[in-house]
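In: below are the sequence and a predicted model for it; my questions follow.
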Amino acid sequence: MNSTRITEKNTSELVRKGLKRRYRAERRFRFMGIAALCISVLFLVILFGSIISKGYSAFFQWKVRLNVFVDPARMDVDNLASADYAGAVKAALRREFPEIRKRREKRLLYRIVSIGASYQLRDMVMRDSSIIGSTVSFWAPLDDDVDIYLKGAYGKGSGRLKPLQVRIIEKFRQEGRIKKVFNTTFFTAGDSRDPELAGIRGAVTGSFYTLLVTLLLSFPIGVAAAVYLEEFARPGRWSDIIEVNINNLAAVPSIIFGLLGLAIFLNLFGLPRSSTLVGGLVLTLMTLPTIIIASRAALKSVPPSIREAALGVGASRMQTVFHHVLPLALPGMLTGTIIGMAQALGETAPLPMIGMVAFVADIPHGMTDPSAVLPVQIYLWADSPERAFVEKTSGAIMVLLAFLMAMNGTAVYLRKKFERKW
Amino acid sequence: MFHTLSRLFCLSVAVTGLLSWSQFSFAAERDYISIVGSSTVYPFATVVAETFGRTTHFKTPKIESTGSGGGLKLFCEGVSLNTPDITNASRRIKKSEFDRCRANGVKEIVEVKIGYDGIVIANSIKAPRMKLTRRDIFLALAKNVPDPSGAERLVPNPYRTWKDVNPSLPAEKIEVLGPPPTSGTRDAFVELAMEGGAKTFPWIKTMKKKNKHHYKEICHTLREDGAYIEAGENDNLIVQKLEANPHRLGIFGFSFLDQNSDMIQGSLVDGVAPEFEAIADGSYPISRPLFFYVKKAHVGKVPGIPEYLREFTAEKTWGPDGYLADRGLIPMPDREREKFRHDALNLVPLEGI
Amino acid sequence: MTSTQLFITVALLACAGFFLGKKRAAIMRDSSGSHSSPGIRPHSTPVYYGFWVSLWAVIPALLVFVCEFVLKRFGHVPFSFRAGVAWEAVAVTSGIVCVIIAWLRLRPETRARNHIETGMNFLFMACATIAIFTTLGIVLSVIFESIRFFKVIPVQEFLFGLKWSPQVAIRPDQVGSTGAFGSVPVLAGTFLISFIAMAVAAPLGLMSAIYLSEYAGSRLRAWAKPCLEILAGIPTVVYGFFAALVVAPQVKAAGEILGLQVSSESALAAGLVMGIMIIPLVSSLSDDVISAVPQAMRDGSYALGATKAETIKNVVIPAALPGIVGGLLLAVSRAVGETMIVVMAAGLSANLTMNPLKAVTTVTVQIVTLLTGDQEFDSPKTLAAFALGLLLFILTLLMNIIALKIVRKYREQYE
């Protein structure tokens, strides 16, 4: 406070004199507040903007129409699965460009079409073997370098593509044989080393299983712990220790939980490395404090009169909790749980320690299958040498953010809907 | 309440039942191959694994990038199915590791060499291409170098610019981004490039016989005064940093140069450019072999190991025209390929180091 | 029989027990009311008896499972139990026997509800103690390796050494540089980045919180708060990607325009992005404490003629200061432990520098690189990761305890 000594006579004079300055200070302060808020929001906008501008192209893909003669000589009818489909595709390309003779140039030609074309051809033949001996026409994915060239990632340049390849692509373009389509592979395939064949389904499934383990363990345990601490524990040293522990665990760096998982779940219990089960267990330990704290807050907000009324008509303490307190606190607990799950979904740091940063191409089918999770997939792709993975990384980030927003949105909605003032 | 409770009870029984079904294979055997090891071999092994998974009825192997040493550590832990079946390495298994394996019951290990990886020294294409010799590299990056006056003693590295090292080089500050000591690339780089350069000084070369430890210390110790910058193992970032800063050089595997040939170029070493053919025929001096090791005890217990080996050692995979060559792996000569294919398919175990 | 099948069998057994017990109790209840058989009315309602019986299916299986695990893990399996077969048979048969006995011994006097409630109480307590076990587990899992590390490298060298360069020969035949395990440069790097992060987050977060709680109308609040919450909900791996690919090149470019030499993995870029990540944490914690300041204090200040800004500066903030400090300390602890941003955007070279344009390394980066790179089995390198983990744990623990103490004490002041 201002300790200027002011005589009564000129007080109002002084105040008036200072008023302008003080109002200016007021405006300045207010402006600083708005500015801080705007800058924070601006960061959000920049972050989203840069990711969306890098990643939206991951949802599209350029394809080329190929006319492939399914040569009976290449097809072993007894073993259709491992026939020479790649050879058939290469032959089709050679037929289209008979002027390309040199070995080096031929290799450049083959590199325009993705290896996925031969898998596609195989699937077609396996589905209907009567097409052997005829010429089939289908839309095949282009190689990742060609794909990002067509998407304009190289600007005016041609990137890694050689002039010959650019000529071939432009010829295709003039003939109208390439088109841009929605990239369904991105949502239906597992990881792949070929960016044009890579998808996030494996990672999404892995995240789902991991979260399932986390949810099934952390929700009941978290609620039980909160009920115990709030309703049954006698205040004393023991419950104090537990409380301090929970609050600290909520702020322990997540990487430490990775060290814990390595020592306990992998080395002591011998659970399978890289599995969603272990990932889920580690994330359970990590989200438990969040859920316990939120659940306790929810229990606290239930007024004591409810408990007293139930006890008054002869219910036991357990009955009071189960019949009256829990139902009222449940929405708050659910909200806390969803927020905890959202945290778990985005967590990466502890996972490298328990072997979850691995190449897993298959879609996992259970909790002991090895699997990646979405954030790990993002980390792995961000590390890959192929340039086309940059857009895939951003695309995967967009999917992850969409899931997170949906979860947090649900939490906010639940909170709004069930908010109750006593 | 009874209804709530009993409903909850039934629900939990149902959920646990469902869950159990979904993970029915808990104690059962592993039905996929588990691979760990070097981050240098990782890009090649993953491609083979993916092709293997797509073209056979076996599951796609799981591959973890743990580094060569980390991989061998996990590999040598024992023969239970919780341990990996195969480990990749960007160097040969060491005697200490081999002994450790034996001690833990991993008696039979099949060694398969898969090819070579060139180590390149590259800069942005915006700058002129560097023409280096191994001697230049040694003089520019070693912590202690022979006295520039010619006396046979070591002085702390005095060179600031490339021109100081060799008058024919540009007058740019020496700044090289390279891998940390945890990386196998670093091992190979100091062994091949630095040691190769040091050997051009006869008095250092003679030291090798007299005092091997001191000799290695001279050859293998990199500068710590900022000229050599440890840049982590994320090679993508190194590429971007080179692009942003054209006078810097970066050290990494050939496959990265190959992938990013629109942004960076490899420097000539001893007059040879790091190109596919030059590395393959051995005229490019800095290249190292890559390996993987198979635990024979797991063959037959984990499905698909022989088939994976067949896929990996097929001509269409690791041959001169194979798909690994497209990814930047330098194939071995025909005779060597033949030998290792034979070893792999017949599961010939390693006798000793 | 796999453990899964065992699991299902036990679950089915429990189910059967539940219905059998419930049924029997229901019959007892119905018959007690009739005039023909004036039995005693059961103490509890039938469901409790159901639970009571089904409990007897689970308990033996659980005991057998624990025994099996302990013996297999820590001792030799006695007799000639063939692994997997005998144990499960024991679990199932003992379960069946126990259920039958429990069912037969079911009496109206049995205080099923009390038994169940006691059991539940224990279960709840066990759940609550998981927190303690987790902390214990963390300490145990890092402490043994750390002790082994400190046998090779003296504690004082680790704590006060000025050089971090884990380039010791990681194999006997390799020659590294002078290996040094002084954690000071690593810690200094960690705190440099955290300091930059706080320099971004503290003013922005605090001012946003003040504006939102004191000035903003409810509509702006309704929009701005979720926006900040989104910022808090973005995974750190995304921030890492953003820092490495967007911010770091921009920082470098900006530095070059100003004629400064900026390292590509400058502490500044990582710190800036980390700061953005922490803004919502700071703002929500400060928002809490600012709203907790009683309105009466503000009204008093207004009555003296102070403007809003003066009231905030001279009354609200001093009153909320302990809470704000506690919140900031929590934010620092978060910054110190943050991993993915620094793994992707910060460097590995341990420079002891205060220059934010240079590359520094952090504790978390070192843990990740030491544990995932090439390593020798028991070399100090690998063990150093655990020592760093221990250091990080202790460091954050201390900060958290202090911060939570301050916050709690402050809250009590106005309640």
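Out: It's in.

In: helix or strand next in line after the helix or strand hosting B:Leu257, which one?
Out: Assessed by DSSP states H and E, B:Leu257 sits inside helix B:254-259. The first helix or strand that comes after helix B:254-259 along the chain, using DSSP H and E, is strand B:264-266.

In: what helices or strands is whichever helix or strand comes after that next one leaning on?
Out: Downstream of strand B:264-266, the next assigned helix or strand under DSSP H and E is strand B:268-269. Contacts defined by 3 or more Cβ pairs under 8 Å, 6 or more residues apart in numbering or on different chains; DSSP states H and E place strand B:268-269 against strand B:131-132. Glycine gets a C-beta too; all of them are placed from N, C-alpha and C.

In: average pLDDT across the helix holding B:Leu257?
Out: Averaging pLDDT along helix B:254-259 gives 79.

In: the closest residue to A:Met318 other than its chain neighbours: what's it in contact with?
Out: Leaving aside its chain neighbours, A:Met318 sits nearest to C:Glu117 (4.3 Å; criterion: Cβ to Cβ, 6 or more residues apart in numbering or on different chains). Neighbouring residues of C:Glu117 by Cβ atoms under 8 Å, 6 or more residues apart in numbering or on different chains: A:316-318.

In: and for B:Ile251, nearest residue in space, chain neighbours not counted?
Out: That would be B:Gly178: by Cβ to Cβ, 6+ apart, it lies 4.0 Å from B:Ile251.

In: surely the one you found touches B:Arg223?
Out: No. The pair B:Gly178 / B:Arg223 is not scored as a contact, 10.5 Å apart, by Cβ atoms under 8 Å.

In: what residue ranges in the chain are flagged as low confidence?
Out: Looking at chain A here, since you left the chain open. Within chain A, the stretches with pLDDT under 70 are A:1-9, A:421-422.

In: ah, I was thinking of chain C
Out: Using pLDDT under 70, chain C drops low at C:1-4, C:33-39, C:72-86, C:166-179, C:373-379, C:411-415.

In: what are the structural domain limits within it?
Out: As assigned by automatic domain parsing, chain C contains the domains C:3-110, C:164-414.

In: ok, now chain B?
Out: B:30-117+B:289-345, B:118-288.

In: quick revisit: quick one, which of the contacts of C:Glu117 are buried?
Out: Among the contacts of C:Glu117, those classed as buried by 16 or more other Cβ atoms under 10 Å in any protein chain shown are A:Met318.

In: inside helices: which ones of the contacts of C:Glu117?
Out: A:317-318 (DSSP state H).

In: which of the contacts of C:Glu117 lies closest to B:Phe201?
Out: Ranked by distance to B:Phe201 (Cβ to Cβ), the contacts of C:Glu117 are led by A:Met318 at 83.9 Å.

In: OK, contacts around the closest one?
Out: Taking Cβ under 8 Å, 6+ apart as the test, what A:Met318 contacts is C:116-117, C:120-121.

In: strands of chain C, residue ranges please.
Out: C:164-165, C:180-181 (DSSP state E).

In: tell me the confidence at the residue nearest to B:Ile251?
Out: 83.

In: what is it paired to in the beta sheet?
Out: Per DSSP bridges, the residues bridged to B:Gly178 are B:Glu230.

In: residues contacting it?
Out: So B:Gly178 contacts B:186, B:189, B:222, B:228-231, B:250-251 (Cβ under 8 Å, 6+ apart).

In: that older thread, nearest to chain B, of the contacts of A:Met318?
Out: C:Ile116 (9.6 Å; Cβ to the nearest Cβ).

In: so how far is chain A from that closest one?
Out: Going from C:Ile116 to chain A by Cβ to the nearest Cβ, to the nearest Å gives 8 Å.

In: ok now stretch B:193-212, how far from the chain's centre?
Out: Centre-to-centre, stretch B:193-212 and its host chain are 25 Å apart (Cα atoms, centre = their mean, to the nearest Å).

In: contact partners for residue 46?
Out: Let's take chain A. Counting by Cβ under 8 Å, 6+ apart, A:Ile46 makes contact with C:Val246.

In: you answered for a different chain; I wanted chain B.
Out: A:193, A:359, B:63.

In: and whichever strand or helix holds it, how far out from the chain middle?
Out: Assessed by DSSP H and E, B:Thr46 sits inside helix B:42-55. Computed by Cα atoms, centre = their mean, the chain-centroid distance of helix B:42-55 equals 17 Å.

In: now do stretch C:143-153
Out: 25 Å.

In: in the stretch 51-200 of chain C, which residue sits closest to chain A?
Out: C:Ser141 (3.2 Å).

In: how about stretch C:49-62, does it reach chain B?
Out: Yes. Stretch C:49-62 reaches chain B (Cβ under 8 Å from any Cβ of the partner chain) through C:50-51.

In: quick one: the longest helix seen in chain C to chain centroid distance?
Out: Ranked by number of residues, the top helix in chain C under DSSP H is helix C:112-152. Relative to its parent chain, helix C:112-152 has a centroid offset of 14 Å by Cα atoms, centre = their mean.

In: same thing with stretch B:100-110?
Out: 22 Å.

In: where does the stretch 101-250 of chain B dip in pLDDT?
Out: Checking the stretch 101-250 of chain B against pLDDT under 70 turns up B:181-184, B:232-237.

In: so where do the helices sit in it?
Out: Assigned by DSSP state H, counting those that start in this stretch, the stretch 101-250 of chain B shows helices spanning B:134-141, B:162-165, B:184-189, B:195-198, B:202-210, B:212-220, B:235-244.

In: contacts for stretch A:403-415 next, please.
Out: Stretch A:403-415 is contacted from outside by A:207, A:331-332, A:334-335, A:338-339, A:341-342, A:345-346, A:374, C:226, C:229-230, C:233-235, using Cβ under 8 Å, 6+ apart.

In: make it 10 Å
Out: With contact meaning Cβ atoms under 10 Å, 6 or more residues apart in numbering or on different chains, stretch A:403-415 is reached by A:204, A:207-208, A:211, A:294, A:330-332, A:334-343, A:345-346, A:374, C:225-226, C:229-230, C:232-235, C:238.

In: and the residue of the stretch 251-400 of chain A closest to chain C?
Out: Taking Cβ to the nearest Cβ, the stretch 251-400 of chain A has A:Pro253 as its residue nearest chain C, at 2.5 Å.
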